[in-house]
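Enquirer: Structure of the sequence below:
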Amino acid sequence: MSIKIKGHTISNVVLSTAMGHSGRGMRELFWSRDYQNVKKAIKRNKLTIFAKSSTYRKHKGNFRLFNPFTWGCIRRFGYNGMINAYGLTNDGTKVNAQKIARAIEKGDNVIPNFYPQFAIGRRDAIEEAIYAMIEYDAYLRNYFWAVEFNFSCPNAEERIQENMQDALACVSAVRREKPQLCQIAKISIVHPHEFAQRLVDAGVDIVHAINTIPHGLLSKGERENRKSPLWKYGGGGVSGGPIFPQAFAYNEELRKVIPKTPIIMGGGVTGPTQVRKYFAAGANAVSMCTAIRTCPVEAINAINEYAAEEAAYEQIGEIINKAAFID
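Expert: So this is what the prediction gives:
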């Protein structure tokens with residue numbers, strides 16, 4: 001377990017978006033004791049953190065921290081689940097890169113996440129992506145070894161089913177500009193499995209699937225035959241417990257399509273049970289997000305259990321290496 005690539009390691013359990021744009025935590029959750037306990041577990045076990053998505057320029061989405069009228073864009077949904085229409089609210093790459101740099105200086109293991117806004121046109125979006133990589137380079141320096149591209153946001157302006165050619169062009173362009181950079185692609189349940197192989201062919205090193213499921217695509221039983229509570233925002237995306245069956249089925253098939261490519265599997269992880277199932281399905285790492293907010297105790301249990309297991313594997317590896325050296 002865990003992913004070792006380009007001289008670096010991604011932990012066997014990772015945190016995706018739940019630690020905000022800096023990787024150090026979301027301001028709106030700082031006063032939660034449970035959230036602080038999760039942060040301590042992450043820090044203690046040196047887990048890999050994928051930052052919340054940045055766009056090249058500052059972007060105002062649906063959610064605004066200092067506007068209570070927008071807080072309804074994020075709410076509980078079903079058992080240990082949430083639904084959100086966050087809408088990519090962020091301060092832009094330059095500001096977020098500086099925040100990530102400070103987090104790394106404090107000892108956090110943060111990988112930036114970038115969202116190419118293909119709605120502005122492929123050429124302009126790719127140009128912004130290249131500029132964003134230059135800014136990450138400038139602020140993160142030697143710590144900028146990997147980036148995650150978000151091709152899966154359910155609250156974006158473009159239709160993600162139609163952004164596949166744009167995504168492939170973006171990956172290829174970044175590969176030409178930054179050939180040593182590890183590219184991680186976060187894909188959606190709406191993408192056909194074959195898209196993952198095309199991304200790998202274009203230059204992606206790791207595939208991450210999945211994070212949320214658009215409310216309209218959620219299985220009938222989980223939707224409870226009702227329209228989305230966020231219908232006025234386009235429906236929003238569901239994460240956490242309600243999406244596990246669909247996310248697991250998607251990932252299980254994905255492993256068959258890309259048998260040799262490292263996969264970070266996620267979607268519906270609410271504790272150690274789901275983590276175990278994903279590893280059994282062939283995951284190289286498993287991502288958690290919503291559990292940090294909906295069931296933090298179980299999230300900590302999963303973090304501690306698999307961090308201990310990884311430490312045991314490393315210890316066994318060291319013993320084997322020493323024995324080989326002696327022989």
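Enquirer: Tell me the spacing between residue 205 and residue 4.
Expert: With distances defined as Cβ to Cβ, to the nearest Å, the gap from residue 205 to residue 4 amounts to 12 Å. (C-beta placed from N, C-alpha, C; glycine too.)
Enquirer: So between the two, which is more surrounded?
Expert: residue 205 (18 against 10; other Cβ atoms under 10 Å).
Enquirer: how far away is the more buried one from residue 104?
Expert: 20 Å.
Enquirer: Residue 32 too?
Expert: Using Cβ to Cβ, we find residue 32 at a distance of 24 Å from residue 104.
Enquirer: More neighbours: which of the two?
Expert: The residue with more neighbours, out of residue 32 and residue 104, is residue 104; 22 against 16, by other Cβ under 10 Å.
Enquirer: surely residue 53 meets residue 90?
Expert: Yes - if you go by Cβ atoms under 8 Å, residue 53 and residue 90 touch, sitting 6.9 Å apart.
Enquirer: Next, show the common contact partners of the two.
Expert: Taking Cβ atoms under 8 Å, 6 or more residues apart in numbering as the contact rule, residue 53 and residue 90 touch no residue in common.
Enquirer: Please say which of those two ends up with more neighbours.
Expert: residue 53 (26 against 22).
Enquirer: How many residues are close by the closest residue to residue 61 other than its chain neighbours?
Expert: Across the structure, with Cβ to Cβ, 6 or more residues apart in numbering as the measure, the residue nearest residue 61 apart from its sequence neighbours is residue 87 (2.6 Å). In terms of burial, residue 87 registers 21 neighbours under the definition other Cβ under 10 Å.
Enquirer: I'd guessed residue 87 sits against residue 64; true?
Expert: No - between residue 87 and residue 64 there is no contact, the gap being 9.7 Å when judged by Cβ under 8 Å.
Enquirer: beta partners for residue 185?
Expert: In this structure, residue 185 bridges to residue 149, residue 207 when assessed by DSSP bridges.
Enquirer: Hmm, it is touching residue 210, no?
Expert: No - counting by Cβ under 8 Å, residue 210 is not a contact partner of residue 185; they are 11.4 Å apart.
Enquirer: Show me where this protein has its helices.
Expert: Taking DSSP state H, the helices of the chain run over residues 33-44, 93-105, 122-140, 164-177, 193-202, 220-223, 244-257, 272-280, 291-294, 296-326.
Enquirer: how many neighbours does the spatially closest residue to residue 50 that is not a sequence neighbour have?
Expert: The shortest distance from residue 50 to any residue that is not its chain neighbour, by Cβ to Cβ, 6+ apart, is 4.7 Å, and that residue is residue 16. Using other Cβ under 10 Å, the number of residues around residue 16 comes to 28.
Enquirer: same check, this time on residue 192
Expert: By the other Cβ under 10 Å criterion, the neighbourhood of residue 192 contains 12 residues.
Enquirer: how far away is it from residue 173?
Expert: Between residue 192 and residue 173 the distance is 22 Å, computed by Cβ to Cβ.
Enquirer: residues near residue 282, how many?
Expert: Neighbour number of residue 282 under other Cβ under 10 Å is 15.
Enquirer: does it really touch residue 255, like I thought?
Expert: Yes - with contact defined as Cβ under 8 Å, residue 282 and residue 255 form a contacting pair (3.9 Å).
Enquirer: if I look at these two, which residues touch both of them?
Expert: With Cβ under 8 Å, 6+ apart, residue 282 and residue 255 have common neighbours residue 263.
Enquirer: Kindly provide the distance from the closest residue to residue 65 other than its chain neighbours to residue 111.
Expert: The spatially closest residue to residue 65, leaving aside those adjacent along the chain, is residue 28, at 5.9 Å (Cβ to Cβ, 6+ apart). Taking Cβ to Cβ as the criterion, residue 28 is separated from residue 111 by 22 Å.
Enquirer: of the two, who's got more company?
Expert: Set side by side, residue 28 and residue 111 show more neighbours around residue 111, with 24 against 13, by other Cβ under 10 Å.
Enquirer: Find me the pLDDT at the more buried one, would you?
Expert: Per-residue pLDDT puts residue 111 at 98.
Enquirer: Which positions are bridged to it in the beta structure?
Expert: Residues in a beta bridge with residue 111, per DSSP bridges, are residue 50.
Enquirer: right, and it touches residue 50 too?
Expert: Yes - at 5.3 Å, residue 111 counts as touching residue 50 under the criterion of Cβ under 8 Å.
Enquirer: anything in contact with each of those two?
Expert: Taking Cβ under 8 Å, 6+ apart as the contact rule, residue 111 and residue 50 both touch 148, 184.
Enquirer: Residue 74: which of the helices of the chain is closest?
Expert: In this view, these are compared for proximity to residue 74 by Cβ to Cβ, and helix 291-294 is the closest at 9.1 Å.
Enquirer: who does the closest one touch, helix- and strand-wise?
Expert: helix 33-44, strand 81-84, helix 296-326 (3 or more Cβ pairs under 8 Å, 6 or more residues apart in numbering; DSSP states H and E).
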